[in-house]
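Student: just need the structure, nothing else, for what follows:
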Amino acid sequence: MKTFETGSTYLMRSVCDYDCVWYCKVESRTAKFVTLKIEGDRTVVRCKVTESEDSERCYPVGKYSMAPILRAENEER
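Tutor: Sure thing, here's the model as predicted:
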């Protein structure tokens, strides 16, 4: 299973617009939470980590119907 790692950068895309991409860098990590710095934003976000079939995921901008999902499998290379 893919997990979030401190210092790594991951990307998430908008549900409505494929070209809208957010880059999130993992600042710190615990067993249940991850602290993220979203590119272009001054704030640091702390969100709960959940597990899906093959990787971890979280909702950095909130959990609503069209919310982007940050998945550990989408690591920026």
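Student: OK, contacts around the residue nearest the centre of the chain?
Tutor: Geometric centre of the chain, nearest residue: Leu70, 3.1 Å, by C-alpha atoms, centre = their mean. Taking C-beta atoms under 8 Å, 6 or more residues apart in numbering, we find Leu70 in contact with 10, 12, 22, 24, 36, 57-60. Placement of C-beta: from N, CA and C, glycine included.
Student: same thing but 10 Å
Tutor: By C-beta atoms under 10 Å, 6 or more residues apart in numbering, Leu70 lies in contact with 4, 10-12, 22, 24, 26, 34, 36, 38, 45, 47, 49, 56-61.
Student: ok, now Cys24?
Tutor: Going by C-beta under 10 Å, 6+ apart, Cys24 touches 4, 8-12, 34, 36-39, 41, 45, 47, 58, 60-61, 68, 70, 74, 76.
Student: hmm, back to that, the residue nearest to the centre of the chain bridge partners, please.
Tutor: Note on Leu70: beta-bridge partners Cys58, judged by DSSP bridges.
Student: on that earlier part again, taking the contacts of Leu70 one by one, which sit in helices?
Tutor: If you go by DSSP state H, the contacts of Leu70 have nothing in helices.
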